[in-house]
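[1] the following comprises the amino acid sequence and a computationally predicted model.
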Amino acid sequence: MKRLLKADFYHLRKSRLTLIALILALAFPLLTVLLFSGIRAIGGLDGNEAGELLLNANYVIGSVFSLTNNLGLVIPVFAGIIVCLDYTNGTLRNKVIAGNRRSSVYLSHLIVSMLFCVGVIVLYAILTVALALIFFPFHWDPSLNLGTEVLYFVLYGIMSFAFIATVSTMLALIFRSIAPTIIVTILFSMVLLIFNSVIMLIDYEPIRYIVYLIPTFGANFFNLNDFNILGILSQTTDASRGVIFAEGMLSYLFFGTIHTLIGLLIFRKRDLR
């Protein structure tokens, strides 16, 4: 397993997709700040109370870990492509022929994909947060503990991209082709967003445990945006938010495990020729 990880990390470092992902992680924060600055200037929102609430640092920061923002869609797609390329160039087959267990080959790819997704999004998040706090006002509800909320926010963000890596790795080794892997990975993220959006518009308490069949649902509560038109943040106590956080993380873990087991089952029976 150690040798497989070492080889997969080497291929990841040498991949052009990794370089492109890092460039995008640096470029998107700058583009986001320029875009928001332009909107605020054109709309005359600087110093305007409504504008400060709508286009502030909270809004920019709150989207950094979204699976459907500019980089959120790209990262898991790149992770899937890297796995697909290992299949098409015969690397996966050679690993199995060399006597490595298929489960070890799969898990090695999964671990590298997770670290790739998490590493790139964390870099992007750090730069985005730094620039947002420099250029835009930040508002906070004093009734919420900032340190706790930041911890929830970061852990949920990291977990969401570790989770989506289980999806992209599974899809890459099921389809073994770049095009369907890209399409289905993007569709998966978009469907989760749609379900989340619908659930957030209704009273979710009667279906409290059903909503955790949507792995990313809990992340809606931890977006560092105390200005929420639905008033969800003001409706949840610190205690209930802790419960939501724990249940949401368990949902990520459960479905990530399910995707991994499905991927392993299929990969073990897959003809690698």
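    The structure has been received and is ready for your questions. Everything quoted here is computed from the prediction, not taken from an experiment.
[2] remind me, longest helix of this structure?
    Longest helix of the chain, by residue count under DSSP state H: helix 102-135.
[3] which elements pack onto that one?
    Secondary-structure packing of helix 102-135 (3 or more CB pairs under 8 Å, 6 or more residues apart in numbering; DSSP states H and E): helix 2-14, helix 16-42, helix 57-62, helix 70-88, helix 91-97, helix 146-175, helix 238-269. Heads up, the C-betas are built off the backbone N, CA and C, glycines and all.
[4] weakest of these by average pLDDT?
    Of all the helices and strands packed on helix 102-135, mean pLDDT reaches its minimum on helix 91-97 (a mean of 74).
[5] got the contact list for Ile262?
    The contact partners of Ile262, taken as CB atoms under 8 Å, 6 or more residues apart in numbering, are Met170.
[6] same thing but 10 Å
    Going by CB atoms under 10 Å, 6 or more residues apart in numbering, Ile262 touches 166, 170, 174.
[7] likewise for Thr169?
    76, 79-80, 82-83, 106-107, 109-114, 117, 181, 259-260, 263, 267 are the contacts of Thr169 under CB under 10 Å, 6+ apart.
[8] so where is the stretch 101-250 of the chain shaky, pLDDT-wise?
    Residue ranges of the stretch 101-250 of the chain with pLDDT under 70: 141, 143-144, 196-197, 199-214, 216-239, 241.
[9] of the contacts of Ile262 - the most surrounded one?
    Met170 (29 neighbours; other CB atoms under 10 Å).
[10] now the angle from the longest helix of the chain to helix 238-269?
    140 degrees (axes from the mean of the first three to the mean of the last three CA atoms, to 10 degrees).
[11] closest to the centroid, which residue in this structure?
    Nearest residue to the geometric centre of the chain (CA atoms, centre = their mean): Phe161, 3.3 Å.
[12] just to revisit the earlier point, only the buried subset of the contacts of Thr169, as a PyMOL command please.
    With 16 or more other CB atoms under 10 Å as the criterion, this PyMOL line picks the buried residues out of these:
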select buried, resi 76+79+80+82+83+106+107+109+110+111+112+113+114+117+181+259+260+263+267
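[13] spit out the contact partners of Thr181.
    Per CB under 10 Å, 6+ apart, neighbours of Thr181: 76-77, 79-81, 83-84, 168-175.
[14] what do you get if the cut-off is 6 Å, keeping everything else the same?
    80, 84, 171-172, 175 (CB atoms under 6 Å, 6 or more residues apart in numbering).
[15] same check, this time on Gly119
    Per CB under 6 Å, 6+ apart, neighbours of Gly119: none.
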